[in-house]
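# Build me a structure from this.
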Amino acid sequence: MRALLKLYSLSRAPACLLKYTSSAQWILQQGRGCSSASPEKQTPKTSMLRHLTSKIKATGPISVAEYMREVLTNPVSGYYVKNDMLGADGDFITSPEICQIFGELLGIWCISEWMAAGKPKAFQLVELGPGRGSLASDILRVFSQLKGALGGAEVSVHLVEVSPKLSQVQAQCLTGDQNQVHEDQSVYRTGTSASGLPISWYHRIDDVPRGFSIYLAHEFFDALPIHKFQKTEKGWRELMVDIDSVVPDKLRFVVLPTPTLASATLIQPDEKRQHVEVCPEGGVIVQQLANRIAEHGGAALIADYGHDGTKTDTFRGFRGHQLHDALEAPGTADLTADVDFSYLRRMAEDQVACVGPITQRNFLKNMGIDTRLQVLLRSCADPSTRTQLIRGYDMLTNPQKMGERFLFFGLLARRRLAPPDEGGDLKKKRVPLPVAGFSELGNGL
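Numbers count the residues shown, from 1 in each chain. Just a heads-up that it's a prediction; the model follows:
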């Protein structure tokens, strides 16, 4: 991996900071998940609120999972369906918008895992929830610069995106005008990158072709619907969303007096916490990834705000880069909950090997972010750009900012980490390579 990093650094005169200068300025002060609460204000009744109150009046309180699903992905008025919420002008910003180094190092990680798998002829890069396309763009730039290392592999890009609005933004970023929309097909958009790679868009992971793939999920799992549970004297009960009994146009949380199917099936018998959030949809998706990796090879890298089975109440909203009451003005703010990586591990470990989670700071340090930063600084004469690079680096790695709140978790085919066979010719034994990012550069990478 060290050789890949060096090769990439020397492959061109780096462009210092390629983009996102306004975003970098903003992120110095605020970040998703670490903003101060927004001041309370009167908000007009939204169409989503009218929809939800009508639904609750007809069927009774709804689960937090159903609330999130309606608010975020309702096909008519869902937040993700009708908004471009990313960037300095949106409701939150992500690591690829902060500094180009983040995406570059993930690109090197993808190539490293492809090489560790024996350099398969066909190489699918699959990203779940690609945002504005910034991460994929940085990775494709790495692929272009390291074309020789890829050795003529048939590389293709596959993006899983439910938002029509964001797919347009991604297409413009990655293909310019070289894309077209297909009606009523599993592949609803196709295009070609500037370097000639085919790019396809899908609504579901199931529609992505099977084969050797590197899967990336950056700030994807934290937006999937969760169920919330509270331990009571009578056992576990589910928190639901109901209409406030005093203010009819306001929503509130209530604890059901009797068990639900979710509270009876989703809580682990040895659970010690008093409040638990479970994301069954995340469990299904990580099992899909694990099954594909086990059958066809490849790896998955999941990066998100999260914990390893220790946190309790993390459900929150974001609007205009500020914390926002998750039940206020639904449809006008992003909803998120920290990812429980212990749950993802439990869902996947029967099929694949799991590594991590480790902090973003440790992952990026292991990937060589310090080396890459110095290369960029040496080739950059503009003082303001140099300052932005240093501040972006600090935002990504500082333990008080994103460095320790953001975690990295990997899924690998078991054969990737299989020990060498006993006996036989020692010269033919294959010692598994360390997993880039999860091992220190000095330890063989």
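# Confidence-wise, which helix or strand of the chain is lowest on average?
Within the chain, no helix or strand scores below helix 21-27, which has a mean of 33 by mean pLDDT, DSSP states H and E.
# contacting residues for R237?
By Cβ atoms under 8 Å, 6 or more residues apart in numbering, the contact set of R237 is F229, Q230, K231, V255, L256, P257, T258, P259, T260, S263. The way it works is simple: take the backbone N, C-alpha and C, and place the C-beta from them, glycine included.
# which one of those residues has the most neighbours?
When neighbours are counted by other Cβ atoms under 10 Å, F229 leads the contacts of R237 with 26 neighbours.
# so that one bridges to which residues?
E238, V276 (DSSP bridges).
# My guess is E154 contacts F123. True?
Yes: counting by Cβ atoms under 8 Å, E154 does reach F123; the two are 6.7 Å apart.
# okay, the two: which has more neighbours?
The residue with more neighbours, out of E154 and F123, is F123; 22 against 13, by other Cβ under 10 Å.
# outside of stretch 55-74, which residues touch it?
Here stretch 55-74 makes contact (Cβ under 8 Å, 6+ apart) with 48, 51-52, 78-81, 162, 223-228, 238-243, 254, 256, 260, 262, 280-281, 315, 330-331, 334-335.
# any low-confidence regions in this protein?
2, 5-6, 9-45, 82-93, 321, 419-431, 441-445 (pLDDT under 70).
# Outline the domain layout of it.
With domains defined by automatic domain parsing, the chain comprises 2-225+277-428, 229-265.
# Now tabulate these in TSV and tack on distance to G437.
Output for the domains of the chain, formatted as TSV (distance: least, Cβ to Cβ, whole Å):
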stretch	distance to G437
domain 2-225+277-428	5
domain 229-265	33
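# winner for burial among the ones you listed?
Greatest average neighbour count among the domains of the chain goes to domain 2-225+277-428 (a mean of 19), per mean count of other Cβ atoms under 10 Å.
# Just give me how far that domain sits from the chain centre.
Distance of domain 2-225+277-428 from the chain centroid (Cα atoms, centre = their mean, to the nearest Å) equals 3 Å.
# still on that earlier bit, specify which member of the contacts of R237 is nearest to I390.
Proximity of these to I390 (Cβ to Cβ) peaks at F229, which lies at 43.4 Å.
# who are the neighbours in contact with that closest one?
F229 sits in contact with W236, R237, E238, L239, A262, S263, L266, I267, H275, V276, E277, V278, where contact means Cβ under 8 Å, 6+ apart.
# Leaving out the residues flanking it, which one is nearest to the fifth one?
Right, the one you point to is A262. Using Cβ to Cβ, 6 or more residues apart in numbering and skipping residues adjacent in sequence, the residue nearest A262 is H227, 4.8 Å away.
# For the one you found, what are phi and psi?
phi -100, psi 140 (degrees, to the nearest 10).
# correct me, but it touches E277?
Yes: judged on Cβ under 8 Å, H227 makes contact with E277 at a distance of 7.1 Å.
# Can you name the next helix or strand after the least confident helix or strand of the chain?
helix 47-59 (DSSP states H and E).
# thought G282 was touching S342?
No: the pair G282 / S342 is not scored as a contact, 11.9 Å apart, by Cβ under 8 Å.
# name the element P434 belongs to?
Following DSSP H and E, one finds P434 outside all helices and strands.
# strands paired with the helix or strand harbouring A300, and their directions?
Using DSSP H and E, A300 maps to strand 298-307. Strand 298-307 sits in its sheet next to strand 213-218 (parallel), strand 339-340 (parallel), strand 406-412 (antiparallel), going by DSSP bridges.
# before we move on, back to that, from the contacts of stretch 55-74, which land in strands?
H227, K228, E238, L239, M240, V241, D242, I243, V254, D334, L335 (DSSP state E).
# Nearest spatial neighbour of the second one, chain-adjacent residues omitted?
In space, and not counting its chain neighbours, K228 is closest to L239: 4.1 Å by Cβ to Cβ, 6+ apart.
# Repeat that for the fifth one.
In this structure, M240 finds its nearest non-sequential neighbour in P61, 3.7 Å apart by Cβ to Cβ, 6+ apart.
# any chance of the strands paired with strand 298-307 in a markdown table, plus distance to D394?
Shown next, in a markdown table, are the strands paired with strand 298-307 (distance: least, Cβ to Cβ, whole Å):
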| stretch | distance to D394 |
| --- | --- |
| strand 213-218 | 20 |
| strand 339-340 | 24 |
| strand 406-412 | 14 |
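# For D350, which of these is the nearest?
Checking the strands paired with strand 298-307 against D350 by Cβ to Cβ gives strand 406-412 as the closest, at 11.7 Å.
# Pick out the residue closest to the middle of the protein.
By Cα atoms, centre = their mean, the chain has its centre lying nearest to H218, at 1.9 Å.
# Tell me the spacing between that residue and T94.
Between H218 and T94 the computed distance is 7 Å (Cβ to Cβ, to the nearest Å).
# Common neighbours of these two, please.
G131, L135.
# Distance check, the closest residue to G129 other than its chain neighbours against Q168.
The shortest distance from G129 to any non-neighbouring residue, by Cβ to Cβ, 6+ apart, is to F220 (3.9 Å). F220 is 19 Å from Q168, where distance means Cβ to Cβ.
# likewise D207?
Going from D207 to Q168 by Cβ to Cβ gives 19 Å.
# now do L323
Look at L323 and Q168: by Cβ to Cβ, they are 29 Å apart.
# quick one, strands of the stretch 301-445 of the chain?
Using DSSP state E, counting those that start in this stretch, the strands found in the stretch 301-445 of the chain span residues 316-319, 322-324, 334-336, 339-340, 353-359, 406-412.
# Which one of those lies nearest to V435?
With Cβ to Cβ, the closest approach to V435 among the strands of the stretch 301-445 of the chain belongs to strand 353-359: 5.5 Å.
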